[in-house]
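K.L.:
take a look and give me a structure for this.
(one chain, ligands or ions: 1)
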Amino acid sequence: MARAASCGWPPGRVRLRAVRIVVVDPSDAAAVAALHRIYVKVGQADNPQSFVAAPVAEIREILAAPTARFEFTAFLGFAGDEAVASGWAALGRNDAPHLAYLTPRVLAQHRRRGHGSRMLAVMERHAADHGRTLLQGTAVWAAEHGPDGWGSAPVGFAKARGFELAHTGVRLRLELPTDRGRLDALLAQRSARRAGYTTRAWVGPVPQQLLDGWAVLHAMLSEDEPHGELERPAETADPAAIRGDERILAESGRVKVNAAVLSPAGAVVAFSSILTRIGAPDAAFQQGTVVDRDHRGRGLGALAKVAALRLLEQTRPDIPAVVTENAQDNAYILELNRAVGCVPVLYSGDFQRHLTGPATPH
Ligand SMILES: CC(C)(COP(=O)(O)OP(=O)(O)OC[C@H]1O[C@@H](n2cnc3c(N)ncnc32)[C@H](O)[C@@H]1OP(=O)(O)O)[C@@H](O)C(=O)NCCC(=O)NCCS
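P.N.:
Numbering: from 1, shown residues only. Modelled structure (predicted):
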């Protein structure tokens with residue numbers, strides 16, 4: 001059963017509010033289902049072109065036990081008996097013990113009643129009680145609001161709640177099948193500079209002999225991706241964290257289609273990954289493409305991306321599209337994605353706020 005929010009709120013006070021907020025018990029199937037339902041409804045309403053839902057099994061799994069990098073707590077907000085709002089708090093561990101990612105969601109027909117503010121206040125208190133001092137959150141808005149999100153709900157809300165927009169990204173969508181000639185033309189560019197490099201592509205976990213190199217590149221991706229004013233702690237290369245993420249994906253019915261480029265010496269120097277849901281024709285999500293700093297300028301990013309895309313198309317002809325997200329100032333990868341055929345559909349923003357004193361209940 002869901003238990004009352006354990007975030008320092010006097011219980012009587014929570015009940016007096018228009019929305020009653022409880023912490024989700026991961027073993028409470030009904031509460032986890034309600035949480036997932038709000039996540040999916042809000043995603044479909046606000047992000048129709050690029051929302052790709054994580055399965056309920058993944059939500060349950062990561063709520064029940066922390067991953068290498070985060071511990072998760074979820075909240076539900078009830079108006080009467082109806083769950084109308086949710087909160088998702090991911091508290092950083094290891095590399096980021098000061099950080100909390102907070103995501104309030106409110107069903108579209110229940111907005112502008114203060115539910116989002118109350119949910120955020122409860123999560124801020126939760127983060128503060130657990131010693132976190134830097135709060136971040138991510139949200140999307142329609143292209144018509146422009147890169148600053150002027151007039152959009154998340155930007156208006158974030159501003160009202162003391163968060164700054166620290167960085168803007170672009171969501172793009174690639175309809176499948178890809179244009180064969182277009183990808184061939186891309187591969188033809190700079191091919192002379194790639195003599196001796198080889199490509200491997202596979203579905204599923206990273207082969208053991210490539211894992212260490214893959215983990216180093218994964219950390220490099222998080223460091224080198226432009227992130228504007230957003231404070232992002234450097235990620236330590238962690239092969240065990242990669243295996244942990246793969247285990248959670250396997251247990252929740254998802255799998256990655258991967259491609260790696262190996263240098264003439266056999267080191268992993270580029271990779272590209274696309275996340276899919278097994279047995280369901282959801283859009284796939286392009287997770288990351290990175291090239292080792294010492295091997296840039298040879299078109300290895302294009303090589304890895306095209307190899308992953310082609311394997312996806314061979315193995316999953318039922319998947320209609322691939323969704324991806326880039327920093328809007330990441331000219332290289334935006335250009336590469338446009339060359340592949342991706343079309344921008346929405347903006348996404350990273351918000352942040354420093355907790356300087358105790359979080360204030362709203
Ligand atoms: C953002 C979201 C959580 C806001 O929930 P909400 O319950 O409507 O928020 P509140 O009623 O507490 O709004 C508080 C203040 O935020 C601002 N705000 C909220 N929605 C806004 C909008 N559409 N346009 C401009 N400002 C807005 C206003 O200042 C509002 O105060 P007011 O209503 O007195 O003018 C909700 O729109 C949502 O679920 N969006 C999709 C998920 C998402 O983007 N989450 C944010 C992740 S950081």
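K.L.:
check which helix or strand covers the residue of the stretch 151-300 of the chain found nearest the ligand.
P.N.:
The ligand sits closest to residue 156 of the stretch 151-300 of the chain, with a gap of 2.2 Å, by C-beta to the nearest ligand atom. No exception for glycine: its C-beta is placed from N, CA and C like everyone else's. Assigned by DSSP states H and E, residue 156 belongs to helix 153-160.
K.L.:
read off the pLDDT value for the residue in the stretch 1-150 of the chain that the ligand sits nearest to.
P.N.:
Nearest residue of the stretch 1-150 of the chain to the ligand (C-beta to the nearest ligand atom) works out as residue 116 at 2.3 Å. If you check residue 116, the pLDDT there is 97.
K.L.:
quick check: angle from the host helix or strand of it to helix 153-160?
P.N.:
Using DSSP H and E, residue 116 maps to helix 115-129. Counting by axes from the mean of the first three to the mean of the last three C-alpha atoms, to 10 degrees, helix 115-129 points 60 degrees away from the direction of helix 153-160.
K.L.:
output helix 115-129 in CSV, but only the C-alpha positions, please.
P.N.:
In CSV, the C-alpha atoms belonging to helix 115-129 read as follows (Å, rounded to 0.1, in the frame of the first residue of the first chain):
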residue,chain,number,x,y,z
HIS,A,115,-0.8,20.4,-7.7
GLY,A,116,2.5,20.6,-9.6
SER,A,117,3.8,23.2,-7.1
ARG,A,118,2.8,21.0,-4.1
MET,A,119,4.3,17.9,-5.6
LEU,A,120,7.5,19.8,-6.3
ALA,A,121,7.6,21.2,-2.8
VAL,A,122,7.3,17.6,-1.3
MET,A,123,10.1,16.4,-3.6
GLU,A,124,12.3,19.3,-2.7
ARG,A,125,11.8,18.5,1.0
HIS,A,126,12.7,14.9,0.2
ALA,A,127,15.9,15.9,-1.6
ALA,A,128,16.9,18.3,1.2
ASP,A,129,16.2,15.7,3.9
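K.L.:
spell out which parts of the protein neighbour the ligand.
P.N.:
42, 46, 103-106, 111-117, 137, 139, 153-154, 156-158, 160, 351 (C-beta under 6 Å from any ligand atom).
K.L.:
and those residues, which are buried?
P.N.:
42, 46, 103-106, 115-117, 137, 139, 153-154, 157-158, 351 (16 or more other C-beta atoms under 10 Å).
K.L.:
nothing else from me, thank you.
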